[in-house]
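J.: Quick one: sequence plus predicted model below, questions after.
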Amino acid sequence: MSVTEGPAARLQALFEGHRLTPTQRRIAHSMVRRAADVPFLSSVELAELAGVSQPSVTRFAVALGFDGYPALRRHLREVVPSGPPAPDAGSYNEYQQAVEAEIENLRHLAEVLADPEPVRRAGRILAGSRPLPVLGLRAAAAQAHGFAYFAAKVHPDVRLLNEGGTMLHDRVDAAAAAGATALLCFALPRHPREVVDALTHAKETGLTVVTVADSAFAPVAKVSDLLLPAAVGTGLAFDTACAPMLLGRVLLEAMCDGLPGAQARLEEFDTKAVTRGLFVE
């Protein structure tokens, strides 16, 4: 592992290669989100953090190859260094706490992006697909729409798939028949079953599936060729998705790097926008 990797990245590496149950994936996801604190949590505290039972935490540790949770915690104290002390959450109201949680999600994303190669690889894959279908349903529809809106300014053929139903597979088939080689998916909780079905179908048609999801342990991971994780905030009545949105913009930047004519298309758009008076200065 690179010395630039932070606590979250080291935890992620610990979980890779293990077949985890949905409950165990939930524990793993909670640990990654609180990477700096986890080495000092008891099994009961970790269970409360993840919303699972204490025996589930013990079984999780065994699934990772440890004798029990104490052995896992000792290992974490050796390989996952603690970060700076977190601010006292008690001094914040509920709205501030939600903002602080999103800031932490963005810090985690910055850690992940310390290795830019996965995003660069994804950018090359998406840049080479003509057309480029972009899928996002329900909670993820806004993320897909935003990406598709900006991508269309530099990519010659972007196809937004933001509505489910019986025609979704037809639209994936149509994109593949038109020459698509990849599909980009935004997947956020709660994960619709039809997204998993659509990605399974996309892979069966030969498309390379790139997915931006809330966790490397999301249900879409098993039907994605390249998954880029960015956590959502859960402190409010409805999840917040600042990190997935930012990761989508980073992915756009990487895709532009793989499109030789991207800058020229942007300049052409700006010229036309001035001529048509599209924007108020």
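T.: Yes, it's here.

J.: For the protein, which segments count as strands?
T.: Assigned by DSSP state E, the chain shows strands spanning 132-135, 158-161, 182-187, 208-213, 226-229.

J.: The ones you listed: which one's closest to Glu102?
T.: Closest to Glu102 of the strands of the chain, according to Cβ to Cβ: strand 226-229, at 15.2 Å. (C-beta placed from N, C-alpha, C; glycine too.)

J.: rewinding a little: and among the strands of the chain, the most buried is which?
T.: Of all the strands of the chain, strand 182-187 has the most neighbours on average by mean count of other Cβ atoms under 10 Å, namely a mean of 29.

J.: and that one, average pLDDT?
T.: For strand 182-187, mean pLDDT is 98.

J.: Adjacent strands (with direction) for it?
T.: Its sheet considered, strand 182-187 pairs with strand 132-135 (parallel), strand 208-213 (parallel) by DSSP bridges.

J.: Using TSV, lay out the strands of the chain together with distance to His29.
T.: Listed next are those as TSV, based on distance: least, Cβ to Cβ, whole Å:
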stretch	distance to His29
strand 132-135	22
strand 158-161	26
strand 182-187	14
strand 208-213	11
strand 226-229	9
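
J.: Which of these sits closest to Leu49?
T.: Nearest to Leu49 among those is strand 226-229; the distance by Cβ to Cβ comes to 18.2 Å.

J.: mind checking which of the strands of the chain is nearest Asp173?
T.: strand 132-135 (10.4 Å).

J.: what distance separates the closest one from the centre of its chain?
T.: 16 Å (Cα atoms, centre = their mean, to the nearest Å).

J.: who's in contact with it?
T.: Contacts to strand 132-135, defined as Cβ atoms under 8 Å, 6 or more residues apart in numbering, come from residues 126, 144, 147-148, 151, 155, 157-162, 171-172, 175, 180, 182-186, 195, 198-199, 202, 207.

J.: Arg25 contacts Ser215, doesn't it?
T.: Yes. Counting by Cβ atoms under 8 Å, Arg25 does reach Ser215; the two are 7.5 Å apart.

J.: Neighbour count: those two, which is higher?
T.: Just comparing Arg25 and Ser215: by other Cβ atoms under 10 Å the higher neighbour count belongs to Ser215, 24 against 20.
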